[in-house]
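Undergrad: This is the structure alone, sequence omitted:
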């Protein structure tokens with residue numbers, strides 16, 4: 001039933017004919033924005049010069065963006081093409097100043113955003129590549145077929161899931177993940193008003209300046225998420241890694257978790 005429904009979703013939602021470029025090297029590093037990435041960059045700088053680099057979300061706001069010059073950038077959150085917040089607008093502005101060749105990957109719905117596409121078109125160094133974020137659930141043989149055709153992908157509750165999918169599909173064979181702490185559950189608490197509060201830390205921020213804040217469902221800040229909703233979402237995130245592990249194996253690719261701190265248990269752990 002899931003397979004049949006997923007195929008129907010592809011026929012209705014997916015845009016046929018989207019092609020992804022092929023990687024020019026065999027290995028890449030996906031830079032998660034977790035706090036531990038700062039330690040990895042400081043302790044093992046040579047490692048990051050040996051492989052193609054993939055960054056996500058607000059990485060362009062960091063000094064490391066212009067130092068490391070990543071070749072690939074992945075977006076998933078609609079906020080990045082809706083331009084609804086200052087950090088998003090600042091990120092797009094920083095990317096528009098890129099002086100090296102950069103390929104950006106985003107869901108095909110982003111191409112309808114003048115805010116997003118116009119900013120990228122102005123820079124000849126940037127190429128935007130689109131993928132279909134059509135979630136496929138069903139038999140592996142069917143899902144892997146449609147994944148390879150760039151017509152569907154696993155549910156991506158986190159941009160790292162989407163980044164792994166993209167790097168597998170552009171034919172990287174050795175994929176290293178760094179800075180994927182995924183320690184959100186350790187940075188949550190319930191205040192006296194029964195509101196779920198989070199401390200959302202990234203490697204480019206000063207931890208002393210980040211405090212717990214209510215985890216609101218939208219920008220109107222009326223209702224916070226319930227703890228069961230967040231835990232359910234986290235479960236989908238980690239399950240996505242299990243799906244991608246099998247998909248990587250079917251494409252003769254290997255994913256290594258080289259994060260200094262990480263709660264991801266799907267991939268082989270290595271030390272830098």
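TA: Okay, I see it. Please read all numbers here as calculations on a predicted model, not as lab measurements. Numbers count the residues shown, from 1 in each chain.

Undergrad: Okay, the residue of the chain positioned farthest from its centre and residue 87: tell me how far apart.
TA: The centre of the chain is farthest from one residue, residue 192, which by CA atoms, centre = their mean lies 33.3 Å away. Applying CB to CB, to the nearest Å, the value for residue 192 to residue 87 is 29 Å. (C-beta placed from N, C-alpha, C; glycine too.)

Undergrad: Could I get the contacting residues of residue 162?
TA: 74, 76, 105, 131, 133, 153, 156 (CB atoms under 8 Å, 6 or more residues apart in numbering).

Undergrad: Of those residues - the most surrounded one?
TA: Of those, residue 153 is surrounded by the most neighbours, 28 neighbours in total, counting by other CB atoms under 10 Å.

Undergrad: Surely that residue is in contact with residue 132?
TA: Yes. Here residue 153 reaches residue 132: they are 7.0 Å apart, a contact under CB atoms under 8 Å.

Undergrad: Am I right that residue 7 is in a helix?
TA: Yes. Under DSSP: H, G, I helix; E, B strand; the rest coil, residue 7 sits within a helix.

Undergrad: Name the nearest residue to it, ignoring sequence neighbours.
TA: Closest residue to residue 7 apart from its sequence neighbours, by CB to CB, 6 or more residues apart in numbering: residue 142 at 7.3 Å.

Undergrad: What are the buried residues along the helix or strand hosting that neighbour?
TA: Assigned by DSSP states H and E, residue 142 belongs to helix 140-148. Buried residues in helix 140-148, counted by 16 or more other CB atoms under 10 Å: 142, 143, 144, 146, 147.

Undergrad: Can I get these in a markdown table including pLDDT?
TA: As requested, the buried residues of helix 140-148 are exported to a markdown table (pLDDT from 0 to 100):
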| residue | pLDDT |
| --- | --- |
| 142 | 97 |
| 143 | 97 |
| 144 | 97 |
| 146 | 97 |
| 147 | 97 |
